[in-house]
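1. Here's my sequence, what's the structure:
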Amino acid sequence: QVQLVESGGGLVQAGGSLRLSCAASGRTLSIYTVGWFRQAPGKEREFVSGISWSGGRTAYADSVQGRFTISRDNVKNTVYLQMNSLQPEDTAIYYCATRKSFATSPAPLSTEYDTWGQGTQVTVSS
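-> Model (predicted):
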């Protein structure tokens, strides 16, 4: 069973940048498609971005397209989310997760993912 730990969150001003990391232990992350999701207070968890096990396929929510970049380093067993031009509406807890059944492409539904990290808080001030 793989365990996931997110890090890199924090407080940043609008227009700033953060890089989130999703580090895996217990099993290699290289066999999993990984997704990033976020959940703001009072809102449902939403898909942000995803990357296939090889890194060859990526997906982004429309709201972050062009501002966020997902990548992975399978040697370091880590997936990253580079977030630029952050806005107050990006404020949320960000979670990474592995997709079920060794699926090869990212998917936007949270029910397609079965192992989750504990989340990291991102707060963007205006």
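2. Three-state assignment for the spatially closest residue to Val124 that is not a sequence neighbour, please.
-> For Val124, ignoring the flanking residues on the chain, the nearest one in space by Cβ to Cβ, 6 or more residues apart in numbering is Leu86 at 4.6 Å. C-beta coordinates here come from the backbone N, C-alpha and C atoms, glycine included. Secondary structure, DSSP: H, G, I helix; E, B strand; the rest coil: Leu86 is coil.
3. tell me which residues in stretch 43-50 are buried?
-> Across stretch 43-50, burial judged by 16 or more other Cβ atoms under 10 Å covers 45, 47-50.
4. whoops, I mixed them up, stretch 92-106
-> In stretch 92-106, counting by 16+ other Cβ under 10 Å, buried: 92-99, 106.
5. swap in stretch 66-75?
-> In stretch 66-75, counting by 16+ other Cβ under 10 Å, buried: 68-70, 72, 74.
6. Regarding that stretch, how distant is the last residue from the first?
-> Start-to-end span of stretch 66-75 (Cα to Cα, to the nearest Å) is 26 Å.
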